[in-house]
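Asks: Got a predicted structure here, sequence first:
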Amino acid sequence: MTYPNAYNGVKKIHTAQVLNLISSILGFVVAIFGILGIAFLAASEGGSIVFALIALVVGLIAAVLAIVAYILQIVGLKNASHDDSSFYTAFVFAIIGLVLIVLSSVFSVLKVANGFGDDIATIFTEFSSIIIVVFVTIGVRNLAAQLDQDAMVKRARSVAILQAVILALAIIANVIALLTGNAAVMVSGIIALIGALLTIVFAIVYLVFLGKAKKMLKEH
């Protein structure tokens, strides 16, 4: 094993991505139970309460998984950074993102900044998530190139291109949303929907990519 630190790090990052995917699925389940709770409210108040309790429990599980995933990702990035500096850049953004999330929570509890802190944290968290993926991809590509694994180098390039397309669609959708008129709103919504679908596809592609990267680092 040429890069044991990178292997241990990517292994943790891969596990974090699995937990994130599970958390997202549970979040979708929470939304479904929330809708069912509203639907059953008219028919049965007791049934509505049951759905609400289930949604609460599943939501808490999803939140815990998301927190564990984020911490595991940070540890993995730190481990991998010993073998390639790209992982360290991703590590720095992950730490800053975590700090802003904590500050946002504090602002929310103290009711200060009128939600401004929440907006900044949300924007930067989304931005930092993209940056983390980009630099993890670059890190894997660098290691693959040093190990003469051309297939992984090409795969890393494909992952980066897909991520760029999703980012471009998000920017275009937000810009069009600033325009007035029903047509602009409709076009913005369609682009946002396409971007959301591609995001789901990307989550799976990225998960597979990390799995193959982990295998590559283990075998070489």
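Replies: Looks like it arrived, so ask away.
Asks: going forward, measure contacts and count neighbours with C-alpha atoms only.
Replies: Noted.
Asks: does Leu103 sit in a helix or strand, and which one?
Replies: helix 85-110 (DSSP states H and E).
Asks: For the most centrally placed residue in the chain, list the residues it contacts.
Replies: Note on the chain: the residue nearest the mean C-alpha position is Ser129, at 5.8 Å, using C-alpha atoms, centre = their mean. When the contact criterion is C-alpha atoms under 8 Å, 6 or more residues apart in numbering, the partners of Ser129 are Ala94.
Asks: name the element the residue nearest to Asn20 when sequence neighbours are not counted belongs to?
Replies: Using C-alpha to C-alpha, 6 or more residues apart in numbering and skipping the chain neighbours, the partner closest in space to Asn20 is Ala66 (5.7 Å). Using DSSP H and E, Ala66 sits within helix 45-80.
Asks: Just the buried residues of that helix, please?
Replies: For helix 45-80, the neighbour count (16 or more other C-alpha atoms under 10 Å) marks 47-48, 51-52, 54-55, 58-63, 65-67, 69-80 as buried.
Asks: Please name every helix or strand in contact with that helix.
Replies: If you count contacts as 3 or more C-alpha pairs under 8 Å, 6 or more residues apart in numbering; DSSP states H and E, helix 45-80 packs onto helix 4-41, helix 85-110.
Asks: Below-threshold pLDDT in this structure: ranges please.
Replies: By pLDDT under 70, the weakly predicted segments of the chain are 33-48, 51, 104-125, 170, 173-175, 177-185, 187-189, 191-193, 195-196.
Asks: Many thanks, I have nothing further to ask.
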